[in-house]
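Asker: A structural model of the following input is requested.
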Amino acid sequence: MLLAYPDFFAAGIPCSAITPPTAAEVSKLCDTSVWMINCDIDFWAGAKTSSIKPVFNAIKKSSHRKDGVRLTSLSQVVLANGEKQGSYQQEHYTWETVTYDMHMNDHVTPYQYATTVDGNGKTISFENPEEGVISWLSQQTNIKADDSNGRSGLKSFINKIIAFFKRLFSIFIR
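Answerer: Modelled structure (predicted):
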């Protein structure tokens, strides 16, 4: 969705990305905040953090929002029920960290199996239970400084929603 509608979404959180975007697709994300979450030992080769780091570096390089680009590397995935050892596929379930907003299932303890860095190389920690993926996501905007042209932010946002649905429905109406 981020690649199909880069002007609509302010941010995205790709988890366990198996197929990395091409260089042309990465260039579409220069004004979009992206927080990638991957596990170092994911059983899908393309979803391992080591396979995603070149994509993170490319997004970081082309981004106009370096503080809005993040990569979380997980050494293991702890499921919502606290289970650490399970099927080998569990290490692909990186969205479990999003479920608890980068905290353990007690909602207080920072997720201890993760390292997060932003596009400036700053390490991000989650000591406060009110910070994490959800609070980060709510702070992102897709309104650019040069987007005003006399229009209010709300009008610009509504125009983007209308354009999004026109494009979406044109696919089905053909």
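Asker: which residues touch the strand or helix carrying Trp35?
Answerer: Using DSSP states H and E, Trp35 falls within strand 33-39. With contact meaning Cβ atoms under 8 Å, 6 or more residues apart in numbering, strand 33-39 is reached by 2, 10-17, 47-49, 51-52, 55-56, 59, 63, 65, 68-77, 91-92, 94-95, 97-98, 133, 136-137, 140. In this view, the C-beta of every residue, glycine as well, is placed from N, C-alpha and C.
Asker: With stretch 7-21 instead?
Answerer: 1-3, 29, 31-39, 42, 44, 46-47, 51-52, 54-55, 68, 92-95, 98, 133, 136-137, 140-142, 160-161, 163-164.
Asker: do you know how far the spatially closest residue to Val98 that is not a sequence neighbour is from Thr94?
Answerer: Leaving out its chain neighbours, the residue that sits closest to Val98 by Cβ to Cβ, 6 or more residues apart in numbering is Val133, at 5.0 Å. Distance, Val133 to Thr94, by Cβ to Cβ, to the nearest Å: 11 Å.
Asker: joint contacts of the two?
Answerer: Listed as contacting both Val133 and Thr94 by Cβ under 8 Å, 6+ apart is no residue at all.
Asker: before we move on, back to that, any of the contacts of stretch 7-21 buried? List them.
Answerer: Neighbour counting over the contacts of stretch 7-21 (16 or more other Cβ atoms under 10 Å) leaves 2-3, 29, 31-39, 42, 44, 47, 51-52, 55, 68, 92-94, 98, 133, 136-137, 140, 142, 160, 164 as the buried ones.
Asker: what helices or strands is the lengthiest helix in the chain leaning on?
Answerer: In the chain, assigned by DSSP state H, the helix with the most residues is helix 153-173. Of the remaining helices and strands, none touches helix 153-173 by 3 or more Cβ pairs under 8 Å, 6 or more residues apart in numbering; DSSP states H and E.
Asker: how about that helix: buried residues?
Answerer: Under 16+ other Cβ under 10 Å, the buried positions of helix 153-173 are 157, 160, 164.
Asker: what about the strands in this structure?
Answerer: 11-12, 33-39, 69-74, 114-118, 123-124 (DSSP state E).
Asker: of all these, which lies closest to Met104?
Answerer: Nearest to Met104 among the strands of the chain is strand 114-118 (10.3 Å), distances taken as Cβ to Cβ.
Asker: helices or strands next to the closest one in the packing?
Answerer: Strand 114-118 packs on strand 69-74, strand 123-124, going by 3+ Cβ pairs under 8 Å, 6+ apart.
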